[in-house]
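A.B. asks: here are the coordinates; sequence isn't available:
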Ligand code: MN
């Protein structure tokens, strides 16, 4: 359980005195409002508000969000109104709490509920991304205290977490909260599978923890020898739910999992990252094809790091991840890391929302049929994403199993229409070729071509390409 003292201790590290005063005021207001209220766990209600604000402060969210975290359940659950909030805390905090409250009220059940939930999420995202982040912080504490909830409600909340909140966090690059949400929901949604994975890895986890410790010591020595000043070296254990999904993809064979535990090295600057990669490769032989430079070529969600897998002294393969402190924060907190600088959508003002977000917002506006909407969203949001490159080196993110035509239409409608063939990594491929992460794609064009083939509808998997082809066929016929 987090106390207000815990919250203050986090705030002192990153926020000004004036900011902290605002949070103190919000705390007193929320304490008064929730006075006498208990949660099902028996805790005073205010601890839920504190935990939500604490999660937001940990992500270094802006101070309005932290205060809104403390106040987020006030209008819904107490005698105080939205006007009371506005009068005491001003427009911005009022706006955020209102947004979070709107997300919370769902009327329907089953499929309709799912669709309604998703629509509300995207609407909120188009207005202010902080609303979603506050909701995620709120959901994290609800998941941590899920034991106290009625069993049938428990399963629904856990399912919703796994199907909506975790994928959203993932899409926003907030990997820490995504992993936490998944691992909290996993035992409720898939109890048997949870038990299976936990038992499967128990022994290996024990032995691996030991040798990762050894690898860590050797690495530390190498750093000292080469006069590299590191900030942190630690083993990170893969989160259980993503391990489970990876096992399903690898035929349930634990021997095919190389990154159960990885070694993570945090350094002061980029130059040090490359130096350390060199030092590691001099010490241990890297596995072919597993060296990845996401610093020079970040993933589309902004993820940056160097990855390599090496054969260590113990005849074991270990994945090593090398990055700066900034990259590490970006990887853990994603879009939240930008909120203090207002580099995201706030209060209806758009600051260059990423392309995927614009797609999602458009979809929520244009697709009125709920079943169709969910199908589309699942494609865009929940399929594993791959990233490929244009010949100039620009990154394009597509869902798994995308084809060169998906790529072409993603770049531009005309390029799709004019497509007569494609080269992947300099090799000619057919138009139903499945693209893989890291592929470089060149579309061969005939500038005289003005319209797609009707058959192409069978070759593309993205809704974007499908919709473009359909409307082009309609236009020109
Ligand atoms: Mn709440």
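C.D. replies: Good, I have the coordinates. Please read these numbers as outputs of a predicted model, since none were measured by experiment.
A.B. asks: residues touching the helix or strand where residue 329 lies, excluding its own?
C.D. replies: Element membership of residue 329 [criterion: DSSP states H and E] is helix 325-333. Contact with helix 325-333 is made by 59-60, 173-177, 231, 264, 266-268, 295, 302-305, 323, 337, as judged by CB atoms under 8 Å, 6 or more residues apart in numbering. For the C-beta atoms, the positions are set from N, CA and C on the backbone; glycine is no exception.
A.B. asks: mind showing which ranges of the stretch 251-400 of the chain have poor pLDDT?
C.D. replies: Counting by pLDDT under 70, the stretch 251-400 of the chain contains low-confidence ranges at 300-301, 339-344, 350-355, 379-380, 382-383.
A.B. asks: for the closest residue to the ion within it, give me its contacts.
C.D. replies: Residue nearest to the ion within the stretch 251-400 of the chain: residue 336 (17.8 Å; CB to the ion). Counting by CB under 8 Å, 6+ apart, residue 336 touches 56, 59-61, 133, 172, 174.
A.B. asks: how close does it get to residue 124?
C.D. replies: Relative to residue 124, residue 336 is positioned 15 Å away (CB to CB, to the nearest Å).
A.B. asks: likewise residue 101?
C.D. replies: For residue 101 relative to residue 124 (CB to CB), the value is 11 Å.
A.B. asks: same question, residue 17
C.D. replies: 31 Å.
A.B. asks: what of residue 91?
C.D. replies: 17 Å.
A.B. asks: the two: which is more packed in?
C.D. replies: Counted by other CB atoms under 10 Å, residue 91 and residue 124 do not tie: residue 124 has more neighbours, with 20 against 11.
A.B. asks: for that one, which non-adjacent residue is spatially closest?
C.D. replies: Once flanking residues are discounted, residue 124 sits nearest to residue 131: 4.4 Å by CB to CB, 6 or more residues apart in numbering.
A.B. asks: which residues touch that neighbour?
C.D. replies: Taking CB under 8 Å, 6+ apart, one finds 96, 99-100, 103, 124-125 in contact with residue 131.
A.B. asks: repeat that with 7 Å
C.D. replies: Going by CB atoms under 7 Å, 6 or more residues apart in numbering, residue 131 touches 96, 99-100, 103, 124.
A.B. asks: next one: residue 141
C.D. replies: Taking CB under 7 Å, 6+ apart, one finds 48, 51-52, 55 in contact with residue 141.
A.B. asks: now residue 93
C.D. replies: Counted by CB under 7 Å, 6+ apart, residue 93 has contacts 64, 67-68, 71, 85.
A.B. asks: whether whichever strand or helix holds it contacts the ion - can you check?
C.D. replies: Per DSSP H and E: residue 93 is located in helix 82-104. No - using CB under 5 Å from the ion, helix 82-104 never reaches the ion; the gap is at least 7.5 Å.
A.B. asks: I'd like the next helix or strand past that helix.
C.D. replies: Criterion used, DSSP H and E; the element after helix 82-104 is helix 110-127.
A.B. asks: what angle separates that next one from helix 82-104?
C.D. replies: 130 degrees (axes from the mean of the first three to the mean of the last three CA atoms, to 10 degrees).
A.B. asks: mind listing what's buried along helix 110-127?
C.D. replies: Going by neighbour count (16 or more other CB atoms under 10 Å), the buried part of helix 110-127 is 114-127.
A.B. asks: report the inter-axis angle for the helix or strand just after it versus helix 325-333.
C.D. replies: Per DSSP H and E, the first helix or strand lying C-terminal to helix 110-127 is helix 129-144. Orientation check (the same axes, to 10 degrees): helix 129-144 against helix 325-333 gives 70 degrees.
A.B. asks: check whether the following helix or strand past helix 129-144 comes near the ion.
C.D. replies: Later in the chain than helix 129-144, the nearest helix or strand by DSSP H and E is helix 151-160. No - Helix 151-160 lies out of reach of the ion by CB under 5 Å from the ion, never closer than 11.8 Å.
A.B. asks: got the residues of the protein near the ion?
C.D. replies: So the chain meets the ion at 73, 138 (CB under 5 Å from the ion).
A.B. asks: tell me how far the most centrally placed residue in the chain lies from residue 367.
C.D. replies: The residue lying closest to the centre of the chain (CA atoms, centre = their mean) is residue 170, at 1.8 Å. Separation of residue 170 from residue 367 (CB to CB): 22 Å.
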